[in-house]
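Engineer: Take this sequence and fold it.
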Amino acid sequence: MNTQPKLHRPWRAWVALAEVILAAVAIWLAFPVWDLGVKTLTVHLSDGVVLTSTRNVGSWMAASIGLGLVAALLLTDAVRELLLAIRARHRRKEREADPEGFFEGHLNQA
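Structural biologist: Numbering: from 1, shown residues only. You can find the predicted model right below:
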């Protein structure tokens, strides 16, 4: 009796598609969030000198990097789901005739 759940399920392809779409949305959101973290400051001095500096806000940049990480994890899981939807099959037990179990290996080359 096989008590393990079936891995090969064709509906996993739909899950993979949903994860790819969510990853695309996360990447699409990462760019505007990154732009929120970049602030340009311009100071005009009395002698006519213009000083320009760029300030990076770490919380927005961390959120953008986090969105990229979420997208990467979603794409990785989408590949796994797609592979399980396409070609996961059960393996046959190789040593069913041996009731004691099978140990392949040698201890101390004995």
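
Engineer: how about the strands of the chain, start to end?
Structural biologist: Taking DSSP state E as the criterion, the chain contains strands spanning 38-44, 50-56.

Engineer: dump the residue contacts of the residue of the chain most remote from its centre.
Structural biologist: When distances are taken from the C-alpha mean of the chain, Asp47 lies farthest, 53.0 Å away, according to Cα atoms, centre = their mean. By Cβ atoms under 8 Å, 6 or more residues apart in numbering, Asp47 lies in contact with nothing. For glycine as for every other residue, the C-beta is placed from the backbone atoms N, C-alpha and C.

Engineer: what phi and what psi does the backbone show at it?
Structural biologist: Main-chain torsions, Asp47, degrees, to the nearest 10: phi -90, psi 10.

Engineer: Run the angle between the longest helix along the chain and strand 38-44 for me.
Structural biologist: Assignment by DSSP state H gives helix 58-87 as the longest helix of the chain. Per axes from the mean of the first three to the mean of the last three Cα atoms, to 10 degrees, the angle that helix 58-87 makes with strand 38-44 is 160 degrees.

Engineer: Helix 58-87 packs against which elements?
Structural biologist: helix 12-36 (3 or more Cβ pairs under 8 Å, 6 or more residues apart in numbering; DSSP states H and E).

Engineer: Which positions within the helix it packs on qualify as buried?
Structural biologist: Arg12, Val15, Ala16, Glu19, Val20, Ala23, Ala26, Ile27, Leu29, Ala30, Val33, Trp34 (16 or more other Cβ atoms under 10 Å).
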